[in-house]
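*Asks:* model this:
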Amino acid sequence: MSAVDIEYLISANYAAFLMLIGLFIIMHVYRDVKLPASKTFVLIAAVLFFMCVAHSLEGWAQLSPDRHDVRVFSSVVHYILQPFVIYMELIVLLPDHMGKTRRVLFILPLLVNTAIYLIAPFAGDLVFWYADDYSFSRGPLGSSIYIVTFLYLMMLIYWTIRTFRKNEKSMNVVLIFMIGIAVLTGVLEGINVASGHIDEAFVLGVIMFYMYLVNMYERDMEESLMQKELELSKNELSLLRQQIRTHFVFNSLSIIKSLIRSNPEKAVEGLENFSDYLRANLDVLKSQELVSFDEELDNIEAYVSLALADESKGVNVVYDIKEKFFRLPPLSIEPLVENAIIHGIAGGGTVNVSTTSDDTSYIVVVADDGVGFDTGGTPQEKKRRGIGVENVRARIEKQCGGSLDIKSGSDGTVVTVRIPKEQGE
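*Replies:* Reported below is the predicted structural model:
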């Protein structure tokens with residue numbers, strides 16, 4: 001084949017070849033997305049390339065009656081491959097569990113069209129032929145290409161919408177446009193108006209479909225990751241609540257146990273307070289929702305009433321509540337008061353609980369006048385200071401975007417909790 005012929009083959013489908021190169025570049029750029037159908041799209045691109053070559057050969061053969069056989073062969077190849085492209089796009093979406101019978105039904109139209117065009121060179125005027133003036137004419141069976149292509153296009157839009165029905169409806173405009181240009185180009189090709197552009201339309205449609213699938217796949221992956229993160233977050237919060245709940249119960253029972261020996265009447269009173277606390281806060285212990293500070297203050301006072309029951313420990317708790325109308329995670333301040341009493345002023349002292357606010361946050365401060373501790377240290381040392389503090393920090397960060405800050409020295413420890421106003425109101 002001469003150099004002039006090669007130039008013709010390139011120029012006849014130049015736009016389609018450029019778009020095919022663009023498709024390969026797009027697939028390379030989005031390779032990290034790991035679209036499950038990536039290998040199928042490589043095959044689709046290869047089929048499109050052979051379609052373009054066949055179409056170019058058909059145009060080149062049309063220049064001379066001596067190339068009749070080349071023109072017939074090129075036409076047969078082109079009309080067989082055309083619906084095959086859409087069929088491969090369709091099987092990308094078909095579920096893996098679909099039965100063999102249904103899959104055979106999906107491929108049956110393609111097989112029928114392939115059989116019709118394979119017999120075209122021997123079927124006279126049943127499929128297609130070239131008149132004496134070398135013009136193209138289509139027989140009654142030749143319409144199978146349009147029927148099968150349109151059928152697969154309709155199946156493609158149905159299965160795409162069905163597969164991604166949870167996503168934004170606006171994305172379906174891409175499908176409608178993609179299929180619209182294929183149908184329009186096919187109609188214009190059939191009536192010999194704006195003919196010769198079917199390959200460009202198919203390549204553009206494949207590019208749009210690939211980008212559509214990438215977009216939908218990324219959204220599904222993001223949604224899946226968000227769901228997993230949400231489940232993980234719920235599990236973590238559940239674990240944190242369980243740790244705090246167990247910690248509180250054992251400390252409370254320990255106080256009651258010590259009172260049984262020293263002051264049985266106080267022990268009975270403490271047991272009643274503890275029982276009332278559990279009954280009143282059973283729902284709060286299970287809740288993942290924020291609660292009002294008033295409810296949390298009830299939790300604090302319930303524990304303090306148990307702590308103060310043992311007068312021998314010299315515990316004093318002072319309240320300075322300037323802000324009450326905000327919300328925070330349940331059992332988030334009570335463990336701080338608990339740790340201040342048990343670890344901060346183990347030898348006796350005062351714990352101050354106060355609330356204020358500034359322009360952006362509600363502020364809760366739990367301060368004690370104990371001996372203080374090293375705010376750094378090993379994980380084991382942190383654990384000895386009380387498991388509640390780290391749990392509270394995690395819950396406040398996860399549930400309302402707040403923060404917990406600890407400052408400690410020889411004159412005591414100050415724990416400051418900040419709850420953003422947009423989250424706490």
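*Asks:* Centroid-wise, who is the farthest residue in this structure?
*Replies:* The C-alpha centroid of the chain is most remote from Asp132, which lies 61.2 Å away (Cα atoms, centre = their mean).
*Asks:* Now name the helix or strand holding that residue.
*Replies:* Using DSSP states H and E, Asp132 sits in no helix or strand.
*Asks:* can you check Glu7 too?
*Replies:* Using DSSP H and E, Glu7 sits in helix 3-12.
*Asks:* Also Thr413?
*Replies:* strand 412-420.
*Asks:* Please report the residue range of the longest helix in this protein.
*Replies:* For the chain, the longest helix by residue count, based on DSSP state H, is helix 198-262.
*Asks:* and that one, what's its mean pLDDT?
*Replies:* Mean per-residue pLDDT for helix 198-262: 73.
*Asks:* Past the helix or strand bottoming out on mean pLDDT in the chain, which element shows up next along the chain?
*Replies:* Least confident element among the helices and strands of the chain, by mean pLDDT, DSSP states H and E: helix 379-384 (a mean of 50). Once helix 379-384 ends, the next helix or strand along the chain (criterion: DSSP H and E) is helix 387-400.
*Asks:* same for that following helix, what does it pack against?
*Replies:* Here helix 387-400 touches helix 198-262, strand 327-328, helix 334-339, strand 403-409, strand 412-420, going by 3 or more Cβ pairs under 8 Å, 6 or more residues apart in numbering; DSSP states H and E. No exception for glycine: its C-beta is placed from N, CA and C like everyone else's.
*Asks:* so which of those is the most packed in?
*Replies:* Of all those, helix 334-339 carries the top mean neighbour count, a mean of 26, counting by mean count of other Cβ atoms under 10 Å.
*Asks:* on that earlier part again, pLDDT score for the residue farthest from the centre of the chain?
*Replies:* On the pLDDT scale, Asp132 gets 70.
*Asks:* For Val76, see how far away it is.
*Replies:* 21 Å (Cβ to Cβ, to the nearest Å).
*Asks:* Ok, Phe84 next?
*Replies:* Distance from Phe84 to Val76, by Cβ to Cβ: 13 Å.
*Asks:* Pairing partners for the strand holding Thr413, with directions?
*Replies:* Its sheet considered, strand 412-420 pairs with strand 361-368 (antiparallel), strand 403-409 (antiparallel) by DSSP bridges.
*Asks:* contacts for it?
*Replies:* Strand 412-420 has contacts (Cβ atoms under 8 Å, 6 or more residues apart in numbering) with 326-328, 332-333, 336, 340, 344, 349, 360-373, 389, 392, 396, 400-408.
*Asks:* got it, and stretch 33-48?
*Replies:* Residues from elsewhere that reach stretch 33-48 (Cβ under 8 Å, 6+ apart): 16, 20, 23-24, 27, 31, 81, 84-85, 88-89, 91-92, 199, 202-203, 206, 210, 213-214, 217-218.
*Asks:* got any residues that touch both of Phe84 and Val76?
*Replies:* Counting by Cβ under 8 Å, 6+ apart, Phe84 and Val76 have no shared contacts at all.
*Asks:* Mind telling me which of the strands paired with strand 412-420 the model trusts least?
*Replies:* The weakest mean pLDDT among the strands paired with strand 412-420 belongs to strand 403-409, with a mean of 91.
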